[in-house]
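Participant: structure, please.
(one chain, ligands or ions: 1)
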Amino acid sequence: MFKTIKYKDQVLARTLLLRCLYVSAFLLLMLFSFVWWKLRQSLVQVNNVQYVISFLVILAIVLLAETIFLKWLYTSYSLSHRDRLANYLKSIEFRQMLSLLMVTKGLFETKSDDDGEFVSYFPKVRVKFKFDTGQMVLEEPINGEQFMERFDKGEFDAVVETAFMADRQTNVYLKNKMISTFAFDPIKFRLKLSALKPKKGSLNIVKGIDWKYDKFYNMLVSGNVGTGKSYFLFAILGQLLAITKFIVVFDPKRSDLGALQYTDILKGKVFSTNTAINEQIHIVYEAMMERAKKMEKIKAEGKIGAYMEFNFKPHFMFFDEFGAWKEMNDKLAFGTPERKAYDLASGDLNEIAMMGRELGFYLIVGMQRPSADSLPMAIRNQLNFRVVMGKPTPEIQKMLFPDSDKELRPLSNDLKGWGFFQMGDGAVRAFFAPEVEKGFNLHEFMEHMGSLREAG
Ligand SMILES: Nc1ncnc2c1ncn2[C@@H]1O[C@H](COP(=O)(O)OP(=O)(O)OP(=O)(O)O)[C@@H](O)[C@H]1O
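Facilitator: Numbers count the residues shown, from 1 in each chain. Below you'll find the predicted structure:
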């Protein structure tokens, strides 16, 4: 149910606390009156002074204990629990914060009369919490009244995102209002690795958000050591295996991905040496050019459409530790056959990044630091789905999400596998990568995902 945010909600928690204290003081008074009445009937002699003193002492002790208890309930219990009481307390805190935000952003008007200043206009913002999905739904007025433009421009939503560490997921306009849905508890959207259900054209990222590679072609996954980059890449590669057999995997650092050459599903598709990688890049490039020719022929007959409409399958080049490959090859002496092969491969890669989308050839690039030296601009500009695991440095944030000034805050101190992503020009979102469960075996996972394709 929606609740309207009021100006006085700024002190909601204090009001709640005071109400509790008033009620308990009243109950104590009733109890004492009853005890007094009983004592009068009995033989025990208590004078008025003794009675008042004992009442005041007990009242003070009870109210102090209750204040401490309520404070603990509000600040600690509500954070560490997920039951109804904790959710109720959280909703109080959130409503209070919303009211405060509206006031600090000046989204209200005052007038004065003989009795002093009073709030003459407070916009009708309503809120609904969905604790089971970790969402908050805000209804903001777009009704021709004061501040409409500021709500419409998303100014208030941006402040809410920062204050609640939330992500705006959807933004819908209805008559006289705008409905924005925020995810304030990103972990609620986490998928389990075993629950991934990729489909042709879309791979699962978090609940409700898929990577539609035909739309947001080419992916970049960056992140420092230990942030969960490899695990996230496993989730992507596994899903690709479930939808296509046209995959090549490059792992110049020979890490866990390199060892996938020993699986049945990826036998002959994993390459680690520079020579093999450069050669394979050229093979993929030639396959792409071959497809370009075929499509040109089809289009010469007046047919229109994208590659899948002509029954061509998507190809994926899965390139982990891209920076390491570039660094190793950049050192090669000019004029040597290895250098020539590398230069050819670099040119091919640029073209795959640029033309691949139309033709169904996609790149997935994994690297620690996507700096200008390690990731050529021609490729970087074509990476439409950008992911960073962990909290990026300001420079990396600027490089990955240049148009966003969203403040990125850590999602967890003890859990790994969280980060931020942006698809195209969409909002930068915080997310938890699919959870890798205990007892996970990389090779078994890949074989299993591959078997889904064979079965289907
Ligand atoms: N999605 C996840 N689910 C469960 N645990 C995770 C997840 N992601 C990361 N972890 C935990 O964090 C650790 C580091 O993750 P990962 O190996 O993917 O980091 P990395 O950034 O790739 O580092 P490196 O470059 O050293 O491989 C893992 O061993 C695991 O314990």
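Participant: which elements pack onto the helix-or-strand element of the chain with minimal mean pLDDT?
Facilitator: Taking mean pLDDT, DSSP states H and E as the measure, helix 78-80 is the helix or strand of the chain with the lowest mean score, a mean of 80. Using 3 or more C-beta pairs under 8 Å, 6 or more residues apart in numbering; DSSP states H and E as the contact criterion, the secondary-structure elements in contact with helix 78-80 are helix 84-104. For the C-beta atoms, the positions are set from N, CA and C on the backbone; glycine is no exception.
Participant: ok, then the element right after the helix it packs on?
Facilitator: Taking DSSP states H and E as the definition, the helix or strand that follows helix 84-104 towards the C-terminus is strand 109-113.
Participant: what element comes up after that next one heading to the C-terminus?
Facilitator: Toward the C-terminus, strand 109-113 is succeeded by strand 116-121 as the next helix or strand (DSSP H and E).
Participant: so what strands line up beside that following strand?
Facilitator: According to DSSP bridges, the neighbouring strands of strand 116-121, each with its direction, are strand 109-113 (antiparallel).
Participant: buried sites along the lengthiest helix in the chain?
Facilitator: Among the elements of type helix in the chain, defined by DSSP state H, the one spanning the most residues is helix 12-41. Residues of helix 12-41 classed as buried: L12, A13, L16, L17, C20, S24, F32 (neighbour count, 16 or more other C-beta atoms under 10 Å).
Participant: check the offset of stretch 204-211 from the chain's centre.
Facilitator: Put simply, stretch 204-211 sits 10 Å off its chain's centre (C-alpha atoms, centre = their mean, to the nearest Å).
Participant: could you dump it to PDB, C-alpha only?
Facilitator: Extracted as PDB, the C-alpha positions of stretch 204-211 are listed here (Å, rounded to 0.1, in the frame of the first residue of the first chain):
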ATOM      1  CA  ASN A 204      20.900 -13.800 -17.300                       C
ATOM      2  CA  ILE A 205      22.800 -11.200 -15.200                       C
ATOM      3  CA  VAL A 206      20.500 -10.600 -12.200                       C
ATOM      4  CA  LYS A 207      16.800 -11.400 -11.600                       C
ATOM      5  CA  GLY A 208      14.900  -9.300 -14.100                       C
ATOM      6  CA  ILE A 209      17.900  -8.100 -16.100                       C
ATOM      7  CA  ASP A 210      19.400 -10.000 -19.000                       C
ATOM      8  CA  TRP A 211      22.200  -9.200 -21.300                       C
END
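Participant: check whether that stretch contacts the ligand.
Facilitator: No - in this structure, stretch 204-211 remains apart from the ligand according to C-beta under 6 Å from any ligand atom; the gap is never smaller than 11.3 Å.
Participant: could you tell me the end-to-end distance of stretch 434-446?
Facilitator: The stretch stretch 434-446 measures 15 Å between its terminal residues, going by C-alpha to C-alpha, to the nearest Å.
Participant: contact partners of that stretch?
Facilitator: Outside of stretch 434-446, the residues that reach it under the criterion C-beta atoms under 8 Å, 6 or more residues apart in numbering are 190-196, 204, 231-232, 234-235, 237-238, 241, 256, 259-260, 262-263, 265-266, 417.
Participant: weed out the non-buried ones from the residues you listed.
Facilitator: Neighbour counting by 16+ other C-beta under 10 Å classes 190-191, 193, 196, 204, 231-232, 234-235, 237-238, 241, 260, 263, 265-266, 417 among those as buried.
Participant: among these, which are in helices?
Facilitator: By the criterion of DSSP H, membership of these in helices covers Y231, F232, F234, A235, L237, G238, L241.
Participant: which residues sit in contact with the fourth one?
Facilitator: With C-beta under 8 Å, 6+ apart as the criterion, the residues that contact A235 are L193, L196, A433, P434, V436.
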